[in-house]
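# pasting the sequence and the predicted coordinates here, then a few questions.
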Amino acid sequence: MSKPSILEPEPQPGPKWLKQQSSLEEEWEKANARIHNTAQFYRDDPRTIATLLVYIFLVAPVEARPRARIPLLPDSEKLIEAYPEIAQALESAIESGHYEGVLSLPALTGWDCNIEREKWSACFSNTSGEQQPFWVFRLVSDDIRPLLGTKYQGNYHEVMLKNINSMHRAPAHASSATIIQSSGTGKSRTVHELATLVFTIPFNIRHPKERMPYPPEDTSVWEYFCKVSNVESVNHGKARTLLFLAHLLSHVSKEIKRVFMKPGAECKLPPCDLAYRWREHMSENTRHSLYEKIINACEKDEPRADANLWSLFHESAKQLNQLLNVLNTVCTSPDSSDVRILLYFDEAHELGHTIPDGENKLKLYDVVCSCLKAFQCYPIFTLFLSTEPLVGLLASAEMAGSAQQCRKETFQAFLTEMPFDCHATFPLRHETFKLEQLGDLQFLARFGRPLFWTIIEASKATDKSRLIESTMDFARAKLVHANHICEGKYSSLSSLAMLATLDVLITIDYEPRQDLACTCELEMIASHMRIAFSASQDGSYIRSGYPSEPFLAEAASCQMYHCLLLDVRALKTEIIMRFLLRMAYIDAIVDEQADKLHRTCDPNFSKGCSFLAFLKALFADQFHDIILRSTPNNSVTSTCALEGAFENAIVRFMHFVKAIDDSVVSTRSMVGGFLRGAAFICHNCQKDIDIVIPVLLDKHCALEESSMSALFIQVKRGRWRSGGSTTYITDKMVQGFFTDRVPAEEETDVLVEQHEEVSTGKQEDTRPYITLVAELGINGPPKDTPFVVTGNTDGRSSARATLESTEGHPRYSIRAYGCTETTWKVVIGSEGDVYKYILGMDDLLADHQRQDEASLELVRQMLPLNSGTIVQYGAIPRNPGNRFP
C-alpha cells in the first residue's frame with residue numbers, strides 16, 4: 001500500500017470487515033472472529049439474540065449477505081418469533097464460532113427493510129473506527145433520536161447569549177469563541193435552544209464515519225471544510241473559506257426573502273420570533289438542501305491557490321450587509337450592541353487538521369478564524385463546539401506565534417457553562433426519600449449532566465430495566481473511552497482510562513502548571529467525561545474535575561469491580577487512604593449482594609451497605625472484635641459497644657467530592673452527600689480532618705438530618721504532623737456537627753432544602769460518631785501497641801476526655817498504623833510494598849525524629865546513601881522521586 005500524501009488527511013482506521021479482502025473466505029474468517037468475540041458476552045441472555053442477528057447482517061461480507069436490507073431490532077425480534085429455525089441456527093453458530101450458515105436460511109433470503117447498510121454500519125464505529133458493542137446499536141437505533149424532543153431545562157442558553165453580547169467585539173477582539181465541555185453536557189442542545197433567541201446558521205461537521213442520528217451532521221459542509229486534501233496552501237484555504245461565507249450569506253438572504261417576504265406577509269417580527277421560525281424552517285431536509293446549493297456554488301467558483309483575498313473579503317462583507325438589510329426588513333432591530341447573526345460549528349475538532357504550507361503550518365481552525373476577521377465590525381458572532389480543548393489552546397498559540405498570521409485580536413475566553421443538575425424534579429426534598437429509593441439507577445441519572453436521564457426518559461422502549469442497563473454500559477464505555485467494558489478485556493484499556501476511573505471514585509489532584517498534568521486533564525475532558533469548570537482568559541489552562549455525578553460514579557464502581565488494573569505509583573498519602581476506603585466499600589457491597597449476583601449481573605453500588613460490614617472489609621480480620629466491641633472514649637458512663645450503636649447504620653459513597661470550606665462538617669451536608677452517594681474531602685481550613693463519610697444511623701428512617709452521623713478521618717504520613725497540630729480527633733474539632741447550620745441567605749435552587757422544624761421541644765440527642773486516625777506513613781506502631789487500637793490512645797485520662805466531650809454524642813475512636821495487609825484487609829500481599837514506596841517509608845529518613853525540611857537537608861548532606869544523582873561533591877539535588885505533585 002502506498003504511503004498517503006502529506007496533503008491528504010490522515011486515514012481513519014475502520015472496521016477491517018468493511019475493507020476489501022482478497023477472498024470471501026478471508027472476509028468470513030475475520031467477520032466470524034468479530035461476531036464470536038462479541039457474542040460470548042451475551043450468549044446466556046436470550047433477550048439479545050435478536051440484536052445478534054442484526055449484528056451478523058452488519059458484519060457479514062457484502063457478497064455473502066442475501067439480497068436483503070438489514071433488519072431493525074424490532075423486525076429481527078419478529079423474524080425470530082415467526083421462524084424458530086433462526087434462533088436454533090444462532091445457538092449453533094455461537095457454539096461453533098461459524099456464522100456463515102445463518103444468512104443462508106430461507107427465512108432470511110426474502111427479508112427486506114428500507115434501511116441502508118452504510119447507515120447502520122456507521123453506528124458501530126467510534127472516532128477511531130473500532131467496533132462498537134451491542135449497547136451502542138440499541139441506544140442509537142431506539143433511544144437517541146427522541147432526545148431533541150425532550151423539554152429543555154434551565155436558562156443556560158439565555159445566559160450564554162448574555163455572555164456573548166457582553167463580550168468585547170471591537171476590532172482588537174475576536175468575533176468568535178469556543179465552547180469547551182465534556183461529552184453529554186448538552187452543548188449541541190444548548191446552541192439549538194440558543195437559536196430561538198438569535199438568528200442562527202448551524203453547522204455540524206462531524207466526520208461521516210461517525211454517523212449518529214443526533215444531532216444531524218452536514219456532510220457536504222464537512223467535505224468542503226475538513227478535507228485537507230482539497231486545500232493546497234494557507235492562502236487557498238482562506239480563499240475557499242471566504243468564498244463559502246459569501247455564498248452562504250447570499251443564499252441565506254434569498255431563503256429569507258422566499259419564506260418571510262411573501263406578498264401580504266405580516267408586519268415586522270420580533271427578533272426572537274424570527275429566530276424561532278427560522279430554526280423551525282431549517283429542518284434537516286431544508287438545511288441539507290440549502291447547504292448542497294451553497295457547496296455546489298463554491299465548487300463552481302473554486303478559487304485558485306493564489307487568489308486575491310481582499311476581493312473575497314469585500315465580497316463576503318458585501319453579502320453580510322445585504323443579509324443584515326434583509327433582516328431589518330423582516331424583523332425589528334434589537335439593541336445596537338446585540339449580536340444579530342450567530343454561526344456555530346458543532347464537532348469543531350474536525351477543524352484541527354494542519355494545512356502543510358512550508359513553514360506556515362496553520363490549522364483549518366486558524367484559517368476559519370482569520371477569515372471571520374472580515375466581520376469584526378458587524379453584529380455577527382461564531383461559536384465552535386468541541387470536547388477537545390486543544391482545538392482552541394493550540395490554535396491560539398500557533399496563530400500568536402506565526403509570522404504569516406493575519407489574526408491578532410484578543411482571544412475570547414472559552415465558554416464552559418453547560419447544563420448540570422437540571423432535572424425537572426430539582427430541587428429535591430431529602431425527607432421524601434428512603435434508602436431503597438436511592439439505589440435506583442434511574443434516580444441516580446437525574447444528577448449531573450443531562451445525557452443519561454434524557455436517554456432513559458426520552459426512550460420509547462417498553463423494557464425500561466434493559467434500557468437502564470444499556471445506559472449504564474454506555475456510561476462505562478464513555479468513561480474509559482473503549483468498547484471492552486466486560487471482564488477479561490482490560491488489557492486494551494489505556495492508563496489514562498484507568499486514571500479517569502480512579503479520579504471519579506477518589507478525586508485526584510493535578511497541578512495545573514505542570515505540562516504533563518495539564519495534558520492528562522485535557523485528554524480526560526475530551527475522551528473520559530471530565531468536566532471543564534473554567535478557563536483562563538488567554539486559554540493557557542483549564543480548571544477541571546469530576547464533580548458529583550452518582551450515575552457516573554456507579555459506572556466507575558462497576559469498572560473497578562471488574563478487576564480494573566491499578567498503577568498506584570502516582571498516588572499521594574490521602575489518595576491512598578481514599579482508595580483503601582473505596583476498595584473496602586466495593587468489597588462490602590459485593591459480600592452483601594453475593595447471593596444475588598451471577599455472571600451477567602453487576603452489584604448495585606448505589607444501594608449502600610451496612611456500616612459494620614464496611615468496617616470489617618476495611619480492617620484486617622484480627623481487629624474486628626477489638627473494633628466492634630469498643631466503647632466511647634469521651635464518656636465515662638456509656639458502655640454501649642460500637643456494634644450496638646451502629647447496628648442499623650448504612651454507609652453509601654460511590655465517589656468523593658471536595659469541600660469549599662468547613663461547612664461540610666454538619667449533618668446538613670451529610671444528608672446531601674448521602675443523597676448523591678458522596679463522601680467529602682475536607683478543605684484546607686479543616687486542618688485536623690481530611691475525609692468525612694456520611695453515615696445513616698437507621699436504614700429504616702427517612703433521610704433527615706436527625707438520622708445522620710459520620711466517620712471522621714485524619715490521614716497522616718508519619719507520626720509528626722507539620723504545623724504542630726494534634727494527633728487525634730477531639731470533640732472540639734467536630735463541634736457544631738450535630739447543630740443545624742442554616743446559611744445566612746437560603747438559596748432556592750440548592751439540592752437539599754432545609755427541613756422545617758415541626759416542634760419546639762427536642763429529645764436528648766445521643767447520636768454517636770466515629771473517628772479514625774490513619775498513620776499510613778510509618779512502618780509500625782509504637783512499642784507494645786497493636787497495629788489497630790481503639791478508645792483513648794493518646795495517653796490522656798478519661799476524666800480529661802470527658803471534660804472536652806460533646807455532651808450526648810458518644811465518640812468511638814480508632815487509630816491504625818502502617819499501610820500493609822497486617823492493618824488493612826484491602827491491602828493484598830505485595831501491594832503493601834508499593835504503598836511503602838509511594839509514602840517514602842523505604843527511605844532512611846522516614847523515621848528521623850525531626851521531619852522539617854531544614855533538618856532533613858542537613859541529614860542528606862551527610863551522605864548516608866550513595867546516589868547516582870549526585871552531580872558534584874558537596875551538593876545533592878533534591879530527589880524528585882520522593883515528591884509528588
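That came through fine.
# so how many other residues sit close to A33?
14 (other CB atoms under 10 Å). (C-beta placed from N, C-alpha, C; glycine too.)
# got it, and S337?
S337 has 9 neighbours, counted by other CB under 10 Å.
# direction included, what does the biggest strand by length in the chain pair up with?
Across the chain, the strand with the greatest residue count (assigned by DSSP state E) is strand 708-716. Note on strand 708-716: by DSSP bridges, its sheet partners are strand 691-696 (antiparallel), strand 769-775 (parallel).
# format the ones you listed as JSON lines; extra columns: mean pLDDT.
Shown next, in JSON lines, are the strands paired with strand 708-716 (pLDDT from 0 to 100):
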{"stretch": "strand 691-696", "mean pLDDT": "95"}
{"stretch": "strand 769-775", "mean pLDDT": "92"}
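# pipe those into CSV and attach mean neighbour count per row.
Listed next are the strands paired with strand 708-716 as CSV, based on neighbours: other CB atoms under 10 Å:
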stretch, mean neighbour count
strand 691-696, 25
strand 769-775, 25
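# could I get those as JSON lines with distance to T790?
Shown next, in JSON lines, are the strands paired with strand 708-716 (distance: least, CB to CB, whole Å):
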{"stretch": "strand 691-696", "distance to T790": "17"}
{"stretch": "strand 769-775", "distance to T790": "10"}
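# toward the C-terminus, what is the element adjacent to the helix or strand encompassing H36?
In this structure, H36 sits in helix 24-39 according to DSSP states H and E. Using DSSP H and E, the next helix or strand after helix 24-39 towards the C-terminus is helix 49-59.
# what angle separates that next one from helix 24-39?
150 degrees (axes from the mean of the first three to the mean of the last three CA atoms, to 10 degrees).
# confidence score at the residue positioned nearest the centre of the chain?
Geometric centre of the chain, nearest residue: M529, 1.8 Å, by CA atoms, centre = their mean. pLDDT for M529: 94.
# ditto for R569
34.
# and what of the one 4 residues further on?
T573 carries a pLDDT value of 73.
# tally up the residues packed near it, please.
T573, neighbours per other CB under 10 Å, totals 21.
# Y510 versus that one, what's the distance?
Per CB to CB, to the nearest Å, T573 is found 16 Å from Y510.
# likewise for L269?
Distance from L269 to Y510, by CB to CB: 50 Å.
# next one: K687
Distance from K687 to Y510, by CB to CB: 23 Å.
# and the end-to-end length of stretch 638-650?
Start-to-end span of stretch 638-650 (CA to CA, to the nearest Å) is 22 Å.
# quick one: mean pLDDT over it.
Mean predicted lDDT for stretch 638-650 stands at 91.
# please apply the same query to stretch 55-63.
72.
# buried set for that stretch?
In terms of neighbour count (16 or more other CB atoms under 10 Å), stretch 55-63 has its buried residues at 55-61.
# how about stretch 150-157?
Those would be 152-154, 156-157, for stretch 150-157 by 16+ other CB under 10 Å.
# pass me the low-pLDDT residue ranges in the stretch 551-700 of the chain, would you?
Applying pLDDT under 70 to the stretch 551-700 of the chain flags the ranges 563-572, 596-600, 635-637.
# mind redoing it with 80?
Counting by pLDDT under 80, the low-confidence segments of the stretch 551-700 of the chain come to 560-574, 595-602, 635-638, 684-687.
# just the helices in it please.
Using DSSP state H, counting those that start in this stretch, the helices of the stretch 551-700 of the chain run over residues 573-592, 611-618, 624-628, 642-645, 667-676.
# just the CA coordinates for the first one, please, in PDB.
What it means is helix 573-592. This file holds the C-alpha atoms of helix 573-592, laid out as PDB (Å, rounded to 0.1, in the frame of the first residue of the first chain):
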ATOM      1  CA  THR A 573      -1.000   9.700  51.100                       C
ATOM      2  CA  GLU A 574      -4.600  10.900  51.300                       C
ATOM      3  CA  ILE A 575      -5.300   9.500  47.900                       C
ATOM      4  CA  ILE A 576      -4.100   6.100  49.100                       C
ATOM      5  CA  MET A 577      -6.500   6.400  52.000                       C
ATOM      6  CA  ARG A 578      -9.400   7.300  49.700                       C
ATOM      7  CA  PHE A 579      -8.500   4.300  47.500                       C
ATOM      8  CA  LEU A 580      -8.500   1.900  50.500                       C
ATOM      9  CA  LEU A 581     -11.900   3.300  51.600                       C
ATOM     10  CA  ARG A 582     -13.300   2.800  48.100                       C
ATOM     11  CA  MET A 583     -12.000  -0.700  47.800                       C
ATOM     12  CA  ALA A 584     -13.500  -1.600  51.300                       C
ATOM     13  CA  TYR A 585     -16.800  -0.200  50.200                       C
ATOM     14  CA  ILE A 586     -16.700  -2.300  47.000                       C
ATOM     15  CA  ASP A 587     -15.800  -5.400  48.900                       C
ATOM     16  CA  ALA A 588     -18.600  -4.800  51.400                       C
ATOM     17  CA  ILE A 589     -21.200  -4.300  48.700                       C
ATOM     18  CA  VAL A 590     -20.100  -7.500  46.800                       C
ATOM     19  CA  ASP A 591     -20.200  -9.500  50.100                       C
ATOM     20  CA  GLU A 592     -23.700  -8.300  51.000                       C
END
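# counting by contacts, list what it packs against.
helix 495-506, helix 550-561, strand 609-610, helix 611-618, strand 678-681, strand 691-696, strand 708-716, helix 831-838 (3 or more CB pairs under 8 Å, 6 or more residues apart in numbering; DSSP states H and E).
# name the helices or strands packed onto the fifth one?
Meaning strand 678-681. Packing contacts for strand 678-681, counted by 3+ CB pairs under 8 Å, 6+ apart, involve helix 573-592, strand 655-658, helix 667-676, strand 691-696.
# how far away from the center of its chain is the longest one?
It stands for helix 573-592. For helix 573-592, the separation from the chain centroid amounts to 21 Å (computed by CA atoms, centre = their mean, to the nearest Å).
# then the last one?
On the basis of CA atoms, centre = their mean, strand 691-696 is displaced by 24 Å from the centre of the chain it belongs to.
# Q593 against P603, yeah?
Yes: Q593 lies in contact with P603 (CB atoms under 8 Å); the separation is 4.9 Å.
# out of those two, which sits in the busier spot?
P603 (20 against 16).
# what segments of the stretch 351-500 of the chain are strands?
Taking DSSP state E, counting those that start in this stretch, the strands of the stretch 351-500 of the chain run over residues 354-355, 362-363, 380-386.
# buried residues in the helix ranked longest in the chain?
Longest helix in the chain by number of residues (criterion: DSSP state H): helix 234-260. Within helix 234-260, the residues scored as buried using 16+ other CB under 10 Å are 234-253, 255-256, 260.
# dump the helix or strand following it to CSV, restricted to CA.
Under the assignment DSSP H and E, the closest C-terminal helix or strand after helix 234-260 is helix 271-281. What follows is helix 271-281 as a C-alpha-only set of coordinates in CSV (Å, rounded to 0.1, in the frame of the first residue of the first chain):
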residue,chain,number,x,y,z
PRO,A,271,-36.1,39.1,16.6
CYS,A,272,-36.9,36.1,18.8
ASP,A,273,-39.9,35.2,16.7
LEU,A,274,-37.9,35.4,13.5
ALA,A,275,-35.1,33.3,15.1
TYR,A,276,-37.6,30.6,16.2
ARG,A,277,-39.4,30.5,12.9
TRP,A,278,-36.0,30.3,11.0
ARG,A,279,-34.9,27.4,13.3
GLU,A,280,-38.1,25.5,12.6
HIS,A,281,-37.8,26.2,8.9
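# hmm, who's touching helix 271-281?
Under the criterion CB atoms under 8 Å, 6 or more residues apart in numbering, residues 192, 195-200, 256, 259-260, 269, 327, 330-334, 340 lie in contact with helix 271-281.
# ok but C819 is inside a strand, no?
No: residue state for C819 (DSSP: H, G, I helix; E, B strand; the rest coil) corresponds to coil; a strand is not indicated.
# neighbours of it, how many?
28.
# do the same with C267
C267 - counted by other CB under 10 Å - has 7 other residues nearby.
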